[in-house]
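**Q** Fold the following, please.
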Amino acid sequence: MTSDIHSLVGAYALDAVNDLERAAFERHLAECEACRIESAELREAAARLADGVWSVPPPRLRETVLAEIAATRQLPPRTATVAGGGPAARARLSRRHLLSAAAAVVIAAAGAGTAVYTVQESRVREERSVAEAARDQQARVRTILASPDVEVRGETLRDGGRVTVAYSRLRDAGVVMLAADAAPGSGRVFQLWTVRSGTAVSEGVLAPGEAASVTIVERVASATVVGVSIEPPGGSATPTDMTAGVKII
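**A** Take a look at the predicted model:
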C-alpha cells in the first residue's frame, strides 16, 4: 500500500484499490474534507464519462435510407482481374475492404467519443468551478464571523421570519442571513439592499420561490442600513416594498 494515503483518491474513486487500501482510505475520508470532496467529484466525473451516448434512431430512418438507395445510381460490377487471380486473391481483397471499412468505423467512433468526452469534461470543469466558488464563500463567511470585532444585529420580517446581519469593521465586510417563513407570493421575490450615503444599493436578488439566503456584503463600513424588500422578479432599481431594515451604525 502507498505511504501517501492522499494519492489513493483517484484509485478509490474508480474502485481500483484492494480491500486493505479501501479500509485505510475510508478511515482517512472521515478526517480529510479535501479528499472527500475530490473523491465525490471524481466519482461523478467517472459516472458521467461512463454514460452511454446511444440514442434511439428516428422511426422513419429505415424507410429514408432505403429510399435514398433506390434513388442513387449504382456502380457497375467490377470486372478487372485481381493480380494472382482465383478465389484466394478475391478473398484477400474482400478482407482488405472489410478491414478498411472497420477502420473507418473505429475512427468515426473515436471522433464521436472525443467529442462526448470534451463536452463532459467541460461540464465537470464548470461544476468544479461552482464548487470551488461555494467553498471560497464559506471560508469568507467563517472569517467574517470569527472576527474579534464582529457585531450581530437582526430584525423581524413583516410577514414572518428574520434577517440577521453579522458585520466586522476590521474585515470591512458583513454577512446577511435571510430566513423568511415563506417566499413572497404573486411571483415576487426578495431583494437585499444597503444604504450608503443616503442611497439604496442592491446587494442581490433572490430567485422566485426562494425564502432564505446567505450573502456577503463588502465595504460594510460605508453602509448604515441593511434592508430587505419585496420586488418583481429580477429586482428593482430602488426599493418599492420594504419588509425589514437593520441599522448597523
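**Q** burial count for Val214?
**A** By other CB atoms under 10 Å, 13 other residues sit near Val214. (Glycine included, C-beta is placed from N, CA and C.)
**Q** can you list the domain ranges for this structure.
**A** 5-50, 151-247 (automatic domain parsing).
**Q** Distance across the last one, terminal residue to terminal residue?
**A** Read that as domain 151-247. Using CA to CA, to the nearest Å, the end-to-end distance of domain 151-247 comes out at 12 Å.
**Q** for stretch 203-220, same thing?
**A** 11 Å.
**Q** List the buried residues of that stretch.
**A** Glu203, Val205, Leu206, Ala211, Ser213, Thr215, Val217, Val220 (16 or more other CB atoms under 10 Å).
**Q** Which of those residues fall in helices?
**A** Residues of the buried residues of stretch 203-220 located in helices (DSSP state H): none.
**Q** Need the max-distance pair from the residues you listed.
**A** Spatial extent of these (CB to CB) is set by the pair Ala211 and Val220 at 23.8 Å.
**Q** Tell me the secondary structure of the nearest residue in space to Leu29 that is not next to it in sequence, please.
**A** Leaving aside its chain neighbours, Leu29 sits nearest to Arg36 (5.3 Å; criterion: CB to CB, 6 or more residues apart in numbering). The three-state label given to Arg36 by DSSP: H, G, I helix; E, B strand; the rest coil is helix.
**Q** Around Arg36, how many other residues sit close by?
**A** Number of residues near Arg36 (other CB under 10 Å) recorded here: 14.
**Q** before we move on, what about Glu21?
**A** Look at Glu21: counted by other CB under 10 Å, it has 16 neighbours.
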